[in-house]
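Visitor: Provide a 3D model corresponding to the input given below.
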Amino acid sequence: MLLFWILLATMSGGLLAVAAASWLAYRVFSKYLHHMVSLSVGVLLSVALLHLLPEAFESATADAHTLFALMLAGLLGFFVLEKIALLRHSHHHEGDGHHHHKGHDRHEAGRGGVLILVGSSLHNLCDGVLVAAAFLADPVLGVLTAASIIVHEVPHKLGDFVVLINAGLARRRAFVLILCSGLCTALGGVIGFFALQDAQQWVPYVLVVAASSFLYISVADLIPQMHERGSLREAVPQLLLVSAGVIVIYGVTSLLHHGPAHGHEHAHGAAHGHTHETARPAGHQATHEH
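Guide: A predicted model of the protein is given here:
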């Protein structure tokens, strides 16, 4: 049953991200993309810092020093991957106001269109593994991780659309190629489920890698884009949208964590020995409500 939910989250997430990006690319791209970027920052940071990392560090099987070292390695690793263009996504297009010489973006797209698809497919495959790990740790965390990936992927898929269209691909072909790339998330979810369900001790480490990915994307990619719009008129809605992302994730989590479904899931996990609550000191159990 858990595999079904992983597949549903990853497949629907890929479809939603591609559909939203396709619509934005041909309707309201230049007007609303920067709003999506600001909202993504709030969502990614809150999921990473309020949920993924706490879930990983509360595990009884993981050493905190090792997790911090892995987080550092993850941040540096994503930096290296971006440098070799595996995770780089172009958010530029002809006439977007970045003042490149005419034809610059078409030229860049022609050189990097295939690489964009390869990089996106690998990135989506990894996202699927991270979603599976989150579901195995806690179904609520899985839903939040999948949702945050959808929000983050919309501007990235939008950038992919622009690159491929600038390279001369027809809209329908670009849509099909990006959709196939997006469905690699589902493949990653299946791989992650079968690789991690019998290796629960690895789940906290995968969660840390997921958090490192979200933190790196927010700080190194999205926030610099926000700084490109530095006026006070732009800063106020940016702050409001970042705050909205945090509030939405916090509110949804609070609601789900106090709901009967979440309580039943933790009871089910306790019966199978997969919860980390049993390994905590009694005093900690009495004062900490997950």
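Visitor: could I get the full set of helices for this structure?
Guide: Counting by DSSP state H, the segments of the chain that form helices are 2-26, 29-47, 53-57, 64-83, 104-137, 139-166, 171-182, 184-196, 203-216, 223-227, 232-257, 260-271, 282-287.
Visitor: turn those helices into TSV, columns for mean neighbour count and mean pLDDT.
Guide: (Each C-beta comes from the backbone N, C-alpha and C, glycine too.) Formatted as TSV, the entries for the helices of the chain read as follows, by neighbours: other CB atoms under 10 Å; pLDDT from 0 to 100:
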stretch	mean neighbour count	mean pLDDT
helix 2-26	19	83
helix 29-47	21	76
helix 53-57	20	89
helix 64-83	14	90
helix 104-137	21	72
helix 139-166	24	78
helix 171-182	18	86
helix 184-196	21	92
helix 203-216	24	89
helix 223-227	14	84
helix 232-257	15	82
helix 260-271	12	41
helix 282-287	9	40
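Visitor: quick check: residue 125 vs residue 151, distance?
Guide: Distance from residue 125 to residue 151, counting by CB to CB, to the nearest Å: 19 Å.
Visitor: same question, residue 250
Guide: When distances are taken as CB to CB, residue 250 and residue 151 turn out to be 15 Å apart.
Visitor: and residue 2, by the same measure?
Guide: As judged by CB to CB, residue 2 and residue 151 stand 23 Å apart.
Visitor: now swap in residue 172 and tell me
Guide: Computed with CB to CB, the distance linking residue 172 and residue 151 is 25 Å.
Visitor: ditto for residue 223
Guide: 15 Å.
Visitor: what's the closest non-adjacent residue to residue 143?
Guide: Of all residues not flanking residue 143 in the chain, residue 9 sits nearest, at 6.8 Å (CB to CB, 6 or more residues apart in numbering).
Visitor: you'd agree that neighbour is up against residue 132?
Guide: No: contact between residue 9 and residue 132 fails when scored by CB atoms under 8 Å: they sit 9.3 Å apart.
Visitor: shared neighbours, these two?
Guide: With contacts defined as CB atoms under 8 Å, 6 or more residues apart in numbering, the residues adjacent to both residue 9 and residue 132 are 142, 189.
Visitor: need the contact list for residue 150.
Guide: Taking CB under 8 Å, 6+ apart as the definition, contacts of residue 150 comprise 13, 16-17.
Visitor: repeat for residue 204
Guide: Under the contact definition (CB under 8 Å, 6+ apart), the residues listed for residue 204 are 55-57, 59, 61-62, 67, 137.
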